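Student: when you get a sec, could you give me coordinates for this:
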Amino acid sequence: MAAAEPAKRRPSTGSGAARRRPTADGKAPSRSGGTARAIRSAVEQLNMLLGRAPESVSAIKPTDGGWEADVEVLELERIPETTSVMATYRVTLDKEGDLVAYERKRRYTRGQIDRR
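Tutor: Residues are numbered from 1 along each chain as shown. Below is the predicted model:
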């Protein structure tokens, strides 16, 4: 069986690139590099505080003071896995990527689906 060829990426026609202003050195600012650093920082620091390895980051957004991320953590492992207890933590980072606050926003079983 042949592997499917990845879809070709079309050039962006949106105005997102037009809204970016060049930095002092003339280069366009890179949000993606900062986002990736913020995600790594949130995951690493929350792991240190909780003693549990986060499983995923479900949301991240820049704020005036840095970043805010929602991180999913396995709190209680059960068999079958769909009954394991998960938690969503809201993590607040400053501009340097240091964790300044975190709180557990919700707990749920792994097999639970949000009703929206």
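
Student: which parts of the protein are helices?
Tutor: Using DSSP state H, the helices found in the chain span residues 16-19, 31-50.

Student: buried deepest among the ones you listed, which one?
Tutor: For the helices of the chain, the largest average neighbour count (mean count of other C-beta atoms under 10 Å) is found in helix 31-50, namely a mean of 15. For the C-beta atoms, the positions are set from N, CA and C on the backbone; glycine is no exception.

Student: returning to that earlier point: comparing the helices of the chain by mean pLDDT, which bottoms out?
Tutor: Among the helices of the chain, helix 16-19 has the lowest mean pLDDT, at a mean of 38.

Student: any stretches of this protein with poor pLDDT?
Tutor: Along the chain, segments meeting pLDDT under 70 span 1-33.

Student: and the helices of the chain as TSV, adding distance to T82?
Tutor: Below are those laid out as TSV (distance: least, C-beta to C-beta, whole Å):
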stretch	distance to T82
helix 16-19	38
helix 31-50	22
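
Student: OK, contacts around the residue nearest to R37 when sequence neighbours are not counted?
Tutor: Spatial nearest neighbour of R37, excluding adjacent residues (C-beta to C-beta, 6 or more residues apart in numbering): G97 at 6.0 Å. Counting by C-beta atoms under 8 Å, 6 or more residues apart in numbering, G97 makes contact with 37-38, 41, 66-67.

Student: just G66 next, same as before
Tutor: 38, 92-97, 100.

Student: please, a ChimeraX command that selects the buried ones among those residues?
Tutor: Selecting only the buried entries of those in ChimeraX, with 16 or more other C-beta atoms under 10 Å as the criterion:
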select :38,92,93,97
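
Student: strands - which of the contacts of G66 land there?
Tutor: Among these, the residues falling in strands (DSSP state E) are 92-94, 100.

Student: about what we covered before: let's have the contacts of G66 in CSV, adding distance to V85.
Tutor: Formatted as CSV, these follow (distance: C-beta to C-beta, whole Å):
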residue, distance to V85
A38, 26
T92, 24
L93, 25
D94, 30
K95, 33
E96, 33
G97, 29
V100, 26
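
Student: against E81, how distant is the residue nearest to R37?
Tutor: According to C-beta to C-beta, to the nearest Å, G97 stands 32 Å off from E81.
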